[in-house]
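Novice: Generate coordinates for the sequence data below:
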Amino acid sequence: MNNNKLTALIITLNEEKNIRNLMLNLDFADEIIVVDSFSTDNTLEILKDFPQVKVYQHVFNNFSEQRNIAIDYATNDWILFIDGDERISNDLKQEIQGVLNSNNTKRGYYLKRKFYFFNEPVNFSGLQSDKNLRLFQKKNAKYHGIVHEKLNFNDNLGTLNNYLIHYSYAHHQHFKDKVFYYNRLKAIEKLNNGTKPNTFLAVFHPIYTFLNRYFFRLGFLDGSKGFTICKVYAQGIKERYNEMKKLDKSSVSKI
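Specialist: Okay, here's the model as predicted:
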């Protein structure tokens, strides 16, 4: 195990639009590993242009399992997880390298994310405080949860100053599909944890989500894109409760 070297991990499915630029962006990593869930576009063909990248294929069951599979392949002590639509700025690269070259005692670091929506930066709408634990030491690290998966440790952590750039949504339907997809997964997770559909929350949780993001989290300052973001997140919450109700009825009917 190389204590001061970095393995960049990416899980992919049909990332032909992003994968080349991402590989070029990760030129500072000592090892790059892609775990692909059988892409049907040109993702794998493009990766052949990067012979130093190690590519493995696994059937996708959930995000935690796929991330844990990727971690197992890493040969270095430090892990950087990055998604296909994210990029490391030059300042963040230097900051990461500074962490690796220092005598730090942190278990891991949160990366703050700067969102771009239709190629324009989003400054508010509840996204201004977004950060994820993406840089961490491999030892005993495991993800859990089927959506918004989390690592199995939450102490001795730091936060880096520079931002991870997230080119999150290319168009409105892409954004809506992604939000709905994650909320359907969240519905499954909640039912698995014993949470039952709640009519009161099904009505008021989406309303609260919109009001909180648009007014209290200052989405109105993002203009029309702020309104769209807040509305779609609220619609996603409604979809979560609809999915919970549908799945709950389906499970009852099978008893």
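Novice: quick one, domains of this protein?
Specialist: For the chain, automatic domain parsing gives the domain ranges 2-169, 172-253.
Novice: Can you give me the distance of residue 86 to residue 119?
Specialist: Distance of residue 86 to residue 119, given as CB to CB, to the nearest Å: 14 Å. Bear in mind the C-beta positions are built from the backbone N, C-alpha and C, glycine included.
Novice: next one: residue 31
Specialist: Remark: distance between residue 31 and residue 119 (CB to CB) = 31 Å.
Novice: Tell me which of these two has more neighbours.
Specialist: The residue with more neighbours, out of residue 31 and residue 119, is residue 31; 19 against 8, by other CB atoms under 10 Å.
Novice: residues in contact with the residue nearest the centre of the chain?
Specialist: Central residue of the chain (CA atoms, centre = their mean): residue 83, 6.5 Å from the mean position. Counting by CB atoms under 8 Å, 6 or more residues apart in numbering, residue 83 touches 10, 11, 166.
Novice: Any chance of TSV for those residues, columns distance to residue 228?
Specialist: What follows is those, written out as TSV (distance: CB to CB, whole Å):
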residue	distance to residue 228
10	28
11	28
166	17
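Novice: Single out whichever of these has the smallest pLDDT.
Specialist: The member of the contacts of residue 83 with the lowest pLDDT is residue 166, and it reads 92.
Novice: Just to be sure, that residue is in a helix?
Specialist: No - applying DSSP: H, G, I helix; E, B strand; the rest coil, one finds residue 166 to be strand, outside a helix.
Novice: pretty sure it contacts residue 84?
Specialist: No - between residue 166 and residue 84 there is no contact under CB atoms under 8 Å: 10.7 Å.
Novice: Give me the distance between the residue nearest to the centre of the chain and residue 216.
Specialist: Residue 83 is 28 Å from residue 216, by CB to CB.
Novice: is it true that residue 169 touches residue 179?
Specialist: No - in terms of CB under 8 Å, residue 169 does not count as a neighbour of residue 179; the distance is 9.0 Å.
Novice: Comparing the two, which residue is more hemmed in?
Specialist: The residue with more neighbours, out of residue 169 and residue 179, is residue 169; 24 against 20, by other CB under 10 Å.
Novice: mind listing the helices for this protein?
Specialist: Using DSSP state H, the helices of the chain run over 19-25, 43-47, 63-73, 90-101, 172-192, 199-211, 223-253.
Novice: That'll do, ta.
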